[in-house]
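Engineer: Requesting a structural model of the entry that follows:
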Amino acid sequence: MADTKTSEMIAESRFASDLLAAGILVAKPYFDQLGGDLIGFINVDNMGFTCRVQCKYRDCRRRSEVQIPIEYTENAFLLCLHLVLPDRSGQAFLLPDDIRERFVTGRMRGKDLLRLTLTPATAVALIDDRDLALTPERVKAIQSLTRSSSALAKMYEDSRKVIDSAGEAMELRERADKLEWLLYEARIAEIQKKSAEGHLATMQEYVALLESQIKAAEENAKKKWK
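Structural biologist: Residues are numbered from 1 along each chain as shown. Below you'll find the predicted structure:
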């Protein structure tokens, strides 16, 4: 029986072969950062569409566990599990949402982890879950996540946010200008109102003066006729 290290290498090679057969190009890096045992590519060009692939071999004939640092599940990340049972073995391909759904959170050495306890029953459920098999639908989901998480997509998203923010700023500026104009018109209307009130008061005083003069003239006329 092969030792665990050899089994892990065989499982990783099998994952690479299966991904290549599904149309996802695979490279083996000289480093392992953020869980990247393998690097998956949608295509080899300048677009930068890559996905980190972590490969795990687990003998589920006895109780075992898989631990994933939460930071690994950010952006494009694919967890490939090769699970061995007494009577068979199988694979499961989990994207970040699948991991967050099936794993539980915990901490170890001050780091946040996602942890999954593997038993024979758990392994059977993972292997038999068609949503976790490397079907054409799963490949499309991997490609979609890889595209949306690429540096180019992030740049576009950030640019879109800047443009949206600029548009919102312009809209707010227009609203402020409109409000300022309305306030200006209100001030003009208030001035005109006060001016009209002043003219009205002057006219009322003038009318009162005329009425007083008319009354005085009428009284003088009466005196003359007597």
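
Engineer: how about low-confidence regions in this protein?
Structural biologist: Counting by pLDDT under 70, the chain shows low-confidence ranges at 1-3, 30-36, 43-48, 150-167, 169, 224-226.

Engineer: What segments of it are helices?
Structural biologist: Taking DSSP state H as the test, the helices found in the chain are 4-21, 96-102, 120-128, 136-148, 151-225.

Engineer: Could you dump those helices into CSV and include mean neighbour count and distance to Ser64?
Structural biologist: For glycine as for every other residue, the C-beta is placed from the backbone atoms N, C-alpha and C. Formatted as CSV, the helices of the chain follow (neighbours: other C-beta atoms under 10 Å; distance: least, C-beta to C-beta, whole Å):
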stretch, mean neighbour count, distance to Ser64
helix 4-21, 15, 11
helix 96-102, 16, 15
helix 120-128, 16, 9
helix 136-148, 16, 24
helix 151-225, 10, 36
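
Engineer: Leu78 is nearest to which of these?
Structural biologist: Comparing these by their distance to Leu78 (C-beta to C-beta), the top pick is helix 136-148, with 6.0 Å.

Engineer: what's in contact with the closest one?
Structural biologist: Residues external to helix 136-148 that are found in contact with it (C-beta atoms under 8 Å, 6 or more residues apart in numbering): 22-24, 40, 42, 49-51, 76, 78, 93, 95-96, 131-132, 153.

Engineer: For these, pick the one with the most neighbours.
Structural biologist: Leu78 (27 neighbours; other C-beta atoms under 10 Å).

Engineer: give the contact list for the closest residue in space to that one that isn't next to it in sequence.
Structural biologist: Residue nearest to Leu78 in three dimensions, not counting chain neighbours: Val53, with 4.8 Å by C-beta to C-beta, 6 or more residues apart in numbering. For Val53, the contact set (C-beta under 8 Å, 6+ apart) comprises Phe15, Leu19, Val26, Gly36, Asp37, Leu38, Ile39, Gly40, Phe77, Leu78, Cys80.

Engineer: Any chance of a markdown table for those residues, columns distance to Met203?
Structural biologist: Listed next are the contacts of Val53 as a markdown table, based on distance: C-beta to C-beta, whole Å:
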| residue | distance to Met203 |
| --- | --- |
| Phe15 | 97 |
| Leu19 | 94 |
| Val26 | 94 |
| Gly36 | 89 |
| Asp37 | 95 |
| Leu38 | 94 |
| Ile39 | 90 |
| Gly40 | 89 |
| Phe77 | 84 |
| Leu78 | 88 |
| Cys80 | 94 |
